[in-house]
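Engineer: No letters, just coordinates:
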């Protein structure tokens, strides 16, 4: 065991002529420890000495410790001594026993012998008293001793001396006990027991009981919590807060989040590192920020409502080029400390700054424990939000808020840099792409678990119970006599109750079978862009779709959500999730390499109900890559916009990675080389410093580089002289007029048109450039716009360029290149679809009729001859008129050509009207016309292979349609011959999908019905002409 003995002072020591130095020596077995020597001071015919030092000894169970006061000088005699008992039972490992400060009476050195010689009479001399406190620690206690003594003393080799601050109690970093106010009575009781043991071991008389005097702190009692709790260590005070009821986690402050990072460290350790006394992190931070005159009070208990820990720090903040050194006062208060999560509110006052008495800055630190990482390391999330509270009204409110925001941003950049030296960052910026995407590629839950989760609901359970109940009833019942309209083989319900029960059972079983069918489809079939790998070199965009929460309900049917991502004209579609408002996807989609870095990613969440039915939008969002760092994009929650989505607070959880496989330098030079051809002049690479300044000015990511900048004026009510900046993705403007800064930027892809306006008086006789943005775009830069038209388009006008021709050529070239690149990208995507789904060079592969099963949908008997009816496919006026009636817009067909003997081929294209499909949609059709394959029949067969575009899941399939038109004898009252028409439809799947049956049913119904309408409309056009 280890004994920590703290020697405070001694009083009432006997005077000795000639003065001298006093010291205290402790003895336990063969171990010795002593304090430094101090000069005594005189107090009313006695001497007093003060040491304030700690001695450490290793002791055994039951062993007494002798503490003596000695005088150096003269004869060097022992002034007095006292024995401290060691309990018979050692404290448990990692725990301790503490005795609070206590006055003990010193006994003369030879008192024991005089007691025996005098038969027990007490003739003790007055040797004074000593104030001691000691703590006995069990094994495995790692105690940190802080040296704070103002004086130094020489020590012998056998002496052990540790000095620490004047705390009455000592803490162990591994200890789980707390010296709380409630435990003071127990300590006082142990003190009395230890006093009695000391008297027995030292053969003290009972009359000496009054020699033990409690200290002022002991006499105070347990009621003064304010006095006793501050003497505890930082860890013990946190344990006191943990034992008390703590409030819920508060929300972030209204000013915004200034610091948001995750670290691979335990929350307790991070809290001690940031807010612990004499933190090394705080020292390094003060040195880097130039902080001086730092004074830090110890953490103390505050009995305010709610009670908590508080401390005050005062320092002088280092001077900057804009501000002189300022005295700052921080008041830090713990709002929550439950052992895992910590919340600290800091109020910062700077009374010496202008208007400093009008406001104070409030910071809220939230240290939140996170689950262990995939590698098993502890994770903690640190968030700092701020707000500016004004104590009195002032006209400088906006300027103060802006200055505070800029100052905090600069300070927390340094804060993050220093903190990263002590603990490892676990943000996405510190983890590579493979590590973050690895959990998404793990095995999914088994089918048994998914089936249990899907079918464990009231509908399924009630249907099974009711079916089982009815089945048992049938087995136990005996056949009854025939009644009413019943006969052998037909058993009808005998009562309305039986009829209602049978109806309910049928509806429940139908619902159950539908659920089973959907579950089987979802597990066997899958269709999405998940796992599609990107091609090419350049800017690669990878989107990991994890989950969504609180998706809004739909008016009819269940919620079957899927997500469509669009970037630079390329789209990627997720799979459809079954009947859930909180879907889990865990899918990864990659976009092919792009030559230029993308600016935005458009996201739309739909509810799927077939490609030809209304797809309800559940919400949409847009991610601007220029407004988010790579660390934020690597793990981001995106709120969905839209009335329903905003009402339900719907969100998407994404992980987005944008990387350049060519490297920044290579990509920059290739882009500039390409722009030089469009602009017609040399574009120079800007210096790293200039690029860095440009990025910091507009808060842009590091991959954004400056192409050119021009001095010009912004045309508003009054001209504003500034500078126009051009980069690969943005157009930015910055002006600083007597400290009033104007700054904004908008995207190249938001620009709809650029016009050159002639010189005028308002533009100081110089031509100007007018940027017209697309409707609803660039609203963040609205404060810099000259006007906004009725269509919601913002207009920005710039003039007074030093060289208008050079600026105009560069700006126009960049805009045209950017807009044409997006259109070219979209066209390439369409061309790829054409190549994937229609290969006209090989008709047999396109029209693989024999490989696609066809189902007969309709059979029609029409009073029109087959040859006349085939005129609807000849490309003449009849076909155009008929197709317009059935909703085929912009219908166009090529002439019939001989593909091979007896087979004619042509191609047709048209668009659906809104009645056919809410999406509109386009159709590319390849048709073959040949005589009927039935030799006995007289007629024709028309094969039609349809490729759908711009409809959901249109790229998953091809529709095969066959019309068999045969000549038959007409009815007796009809003159001439009629025709019989058979319509057969089938689906050829290019990609697999969970919802093949639903899609097939929807498409077959719509297209077969349209084919039926075509033939009926043609017959109605032909019949009057024939009869006439």
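Structural biologist: Yep, it's here. The model shown is predicted, which means the values in this text are computed figures rather than measured ones.
Engineer: Please, where are all the helices along the stretch 201-350 of the chain?
Structural biologist: Assigned by DSSP state H, counting those that start in this stretch, the stretch 201-350 of the chain shows helices spanning 216-220, 225-228, 234-243, 267-275, 280-289.
Engineer: Kindly reformat these as JSON lines and extend each row with mean pLDDT, mean neighbour count and distance to residue 856.
Structural biologist: All C-beta atoms are positioned from the backbone trio N, CA, C, and that covers glycine. Below are the helices of the stretch 201-350 of the chain laid out as JSON lines (pLDDT from 0 to 100; neighbours: other Cβ atoms under 10 Å; distance: least, Cβ to Cβ, whole Å):
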{"stretch": "helix 216-220", "mean pLDDT": "37", "mean neighbour count": "14", "distance to residue 856": "99"}
{"stretch": "helix 225-228", "mean pLDDT": "38", "mean neighbour count": "16", "distance to residue 856": "89"}
{"stretch": "helix 234-243", "mean pLDDT": "79", "mean neighbour count": "19", "distance to residue 856": "75"}
{"stretch": "helix 267-275", "mean pLDDT": "91", "mean neighbour count": "20", "distance to residue 856": "68"}
{"stretch": "helix 280-289", "mean pLDDT": "86", "mean neighbour count": "16", "distance to residue 856": "78"}
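Engineer: out of the ones you listed, which comes closest to residue 583?
Structural biologist: Proximity to residue 583 (Cβ to Cβ) singles out helix 267-275 among the helices of the stretch 201-350 of the chain, at 31.4 Å.
Engineer: Which strands or helices does the helix or strand that contains residue 965 pack on?
Structural biologist: Per DSSP states H and E: residue 965 is located in strand 957-969. The helices and strands touching strand 957-969, judged by 3 or more Cβ pairs under 8 Å, 6 or more residues apart in numbering; DSSP states H and E, are helix 866-869, strand 939-949, strand 977-989, helix 996-1027.
Engineer: so that strand versus strand 939-949, what angle?
Structural biologist: 160 degrees (axes from the mean of the first three to the mean of the last three Cα atoms, to 10 degrees).
Engineer: that older thread, distance to residue 572 for the helices of the stretch 201-350 of the chain - can I get that in TSV?
Structural biologist: Below are the helices of the stretch 201-350 of the chain laid out as TSV (distance: least, Cβ to Cβ, whole Å):
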stretch	distance to residue 572
helix 216-220	71
helix 225-228	62
helix 234-243	48
helix 267-275	38
helix 280-289	44
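Engineer: do you know which of the ones you listed lies nearest residue 12?
Structural biologist: helix 216-220 (16.2 Å).
Engineer: what's the pLDDT at residue 937?
Structural biologist: The model reports residue 937 with a pLDDT of 65.
Engineer: Residue 564 now?
Structural biologist: 90.
Engineer: That one touches residue 617, doesn't it?
Structural biologist: No. With contacts counted by Cβ atoms under 8 Å, residue 564 stays clear of residue 617, the gap being 9.9 Å.
Engineer: hey, what's in contact with both of the two?
Structural biologist: Listed as contacting both residue 564 and residue 617 by Cβ atoms under 8 Å, 6 or more residues apart in numbering are 604, 605, 606.
Engineer: Is it correct that residue 132 is in contact with residue 105?
Structural biologist: No. Residue 132 lies out of contact with residue 105 (Cβ under 8 Å); the separation is 11.5 Å.
Engineer: which of the two has more neighbours?
Structural biologist: Taking other Cβ atoms under 10 Å, residue 132 and residue 105 do not tie; residue 132 has more neighbours (23 against 19).
Engineer: check contacts around that one.
Structural biologist: Neighbours of residue 132 in contact, by Cβ under 8 Å, 6+ apart: 5, 6, 7, 8, 67, 82, 84, 101, 102, 104.
Engineer: which residues does the first one bridge with?
Structural biologist: Right, the one you point to is residue 5. Legend: beta-bridge partners of residue 5 under DSSP bridges are residue 55, residue 134.
Engineer: re earlier: minimum distance to residue 409: which of the helices of the stretch 201-350 of the chain has it?
Structural biologist: So among those, helix 280-289 is nearest, using Cβ to Cβ, at 13.7 Å.
Engineer: ok and that closest one relative to helix 267-275, angle-wise?
Structural biologist: Using the same axes, to 10 degrees: helix 280-289 against helix 267-275 is 40 degrees.
Engineer: on that earlier part again, overlap in contacts of residue 132 and residue 105?
Structural biologist: In contact with both residue 132 and residue 105: residue 82, using Cβ under 8 Å, 6+ apart.
Engineer: In terms of secondary structure, what does the helix or strand harbouring residue 102 contact?
Structural biologist: For residue 102, the element it lies in under DSSP H and E is strand 96-105. Where contact means 3+ Cβ pairs under 8 Å, 6+ apart, strand 96-105 is packed against strand 129-137, helix 184-201, strand 213-214, helix 216-220.
Engineer: Against residue 83, how distant is residue 105?
Structural biologist: As for residue 105, its distance to residue 83 is 12 Å (criterion: Cβ to Cβ, to the nearest Å).
Engineer: Contact partners for residue 315?
Structural biologist: Contact partners of residue 315, counting by Cβ under 8 Å, 6+ apart, are 286, 291, 292, 293, 294, 295, 327, 328, 330.
Engineer: looking at those, which has the most residues close by?
Structural biologist: Busiest of these [other Cβ under 10 Å] is residue 328, holding 21 neighbours.
Engineer: I figured it hits residue 349, correct?
Structural biologist: Yes. Shown here, residue 328 and residue 349 form a contact pair, counting by Cβ under 8 Å, at 7.3 Å.
Engineer: what's the closest non-adjacent residue to residue 558?
Structural biologist: Leaving aside its chain neighbours, residue 558 sits nearest to residue 579 (4.3 Å; criterion: Cβ to Cβ, 6 or more residues apart in numbering).
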